[in-house]
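K.L.:
The following block contains a protein sequence and its predicted model.
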Amino acid sequence: MTSANPRFDFSIHATDDKARTGTIRMKRGEIRTPAFMPVGTAATVKAMRPAEVRAAGADIILGNTYHLMLRPGAERMARLGGLHNFMKWDRPILTDSGGYQVMSLSELTKLTEEGVAFASHLDGSKHMLSPERSMEIQRLLGSDIVMAFDECTKNGVSRDEAAKSMERSMRWAKRSRDGFDSGHEHASRAALFGIQQGSLDEGLRKASAEALVEIGFDGYAVGGLAVGEGQEAMFATLDFAPGQLPADKPRYLMGVGKPDDIVGAVERGIDMFDCVLPTRSGRNGQAFTWNGPVNIRNAKHAEDQSPLDAQCSCPVCATWSRAYLHHLIRSGEILGAMLMTEHNIHFYQQLMAGLRAAIAEGRLAAFAADFRARYYARD
Ligand SMILES: [Zn+2]
């Protein structure tokens, strides 16, 4: 990392059909794409030290505005030197806008043109999130990639409701842009992404993309997917949505996903992902492997001396058996959560590295076919 690093620069090194591989260069370091961002909800990727997250191959992590504004609080975080200094992760951090979690986790949510009024799920205290306040909080946290404040349109709403929701999100996108730009010092070293909405509707998605491009952003997220529509509908939307966004900017699919979701989305032109699955599932005893998900709680692993994944290069697979992990998870031991998480984070990063190499060498279709054949095979 040198002082010569740009604020934000995205270069595409190779394409393979709709897929791309490249590098985002930022002040705090480079992000190789397609990239998977481990989720550090409460200023920690749960059960992992920052050095272990980095050792797994992660170039960037995600922080949650909603959780951090409630605890420890954005102003307190700023007094403590910002999120990077607080948790000791010195590479890029993307923060979400808080909008999605405010509407899914908090109580007494009141949505108006101004923003969202809500009560904390922790202590019932009253708060307000608006585009301006979301930009201010993400600035106080010291975010590198700031997400515009939007409404994640619920799955299954009418086209009329989806249109009204998308149009409000586009007005909020403009207010987010203005709010971000008003933080001059932070705006000179951070980036701002807009978020496309429009549910599963091609016309609404197109209108949303055009509104965002008119405002202008460093990158563009496809929002409002992975909200219960299922993989088939998500892929059908990804058949057109990424192509509506600028080809020379990163495209980020928010909240996705399972390994097979990621492979299919990369094939459709997505560059960035985040998801709680590798961490949350790991703590619950689910490992992701090249041969599909493994439930380590299952009795068949009780005397299995093989590793979680014979092909995995992580420290867990190099050292401990399925039998030991089975014992730890069944016993509720903290180390079980730590080791399962470490493997899963490594697995996701190995998957991304495999995808990047396949795109660079023009063999993504074969890589994806081989991945699916093994991942969906059940023994
Ligand atoms: Zn492993």
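P.N.:
Nice, thanks for sending it over. All values derive from a computational prediction rather than experimental measurement. Residues are numbered from 1 along each chain as shown.

K.L.:
okay, how far is it across stretch 284-292, tip to tip?
P.N.:
16 Å (CA to CA, to the nearest Å).

K.L.:
pLDDT (mean, whole number) over stretch 293-306?
P.N.:
Mean pLDDT, stretch 293-306: 98.

K.L.:
That should have said stretch 14-24, apologies.
P.N.:
Stretch 14-24 carries an average pLDDT of 98.

K.L.:
What are the buried residues along that stretch?
P.N.:
Of all the residues in stretch 14-24, those buried under the rule 16 or more other CB atoms under 10 Å are 14, 15, 16, 18, 19, 20, 21, 22, 23, 24. For every residue, glycine as well, the C-beta is placed using N, CA and C.

K.L.:
Could you check how far it is from the centre of its chain?
P.N.:
Computed by CA atoms, centre = their mean, to the nearest Å, the chain-centroid distance of stretch 14-24 equals 18 Å.

K.L.:
And the contacts of that stretch?
P.N.:
The contact list for stretch 14-24 (CB atoms under 8 Å, 6 or more residues apart in numbering) reads 8-13, 30-35, 219, 242-243, 250, 266-269, 271, 355-356, 358-360, 362-365.

K.L.:
thinking again about what came up before, can you lay out the buried residues of stretch 14-24 as a markdown table showing distance to residue 91?
P.N.:
Converted to a markdown table, the buried residues of stretch 14-24 look like this (distance: CB to CB, whole Å):
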| residue | distance to residue 91 |
| --- | --- |
| 14 | 24 |
| 15 | 26 |
| 16 | 27 |
| 18 | 28 |
| 19 | 24 |
| 20 | 22 |
| 21 | 19 |
| 22 | 17 |
| 23 | 14 |
| 24 | 12 |
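
K.L.:
ranges for the helices of the stretch 251-379 of the chain?
P.N.:
Taking DSSP state H, counting those that start in this stretch to define them, one finds helices in the stretch 251-379 of the chain at 259-267, 277-283, 315-319, 322-330, 334-360, 364-375.

K.L.:
and the closest residue to residue 225 other than its chain neighbours, what is it in contact with?
P.N.:
Counting by CB to CB, 6 or more residues apart in numbering, residue 225 lies nearest to residue 234, which is 5.0 Å off, once chain neighbours are set aside. By CB under 8 Å, 6+ apart, the contact list for residue 234 reads 225, 226, 256, 261, 265.

K.L.:
For the ion, state which of the residues you listed is nearest.
P.N.:
residue 261 (20.2 Å; CB to the ion).

K.L.:
before we move on, back to that, of all the helices of the stretch 251-379 of the chain, which lies closest to residue 147?
P.N.:
Of all the helices of the stretch 251-379 of the chain, helix 259-267 sits nearest to residue 147, with 17.9 Å by CB to CB.
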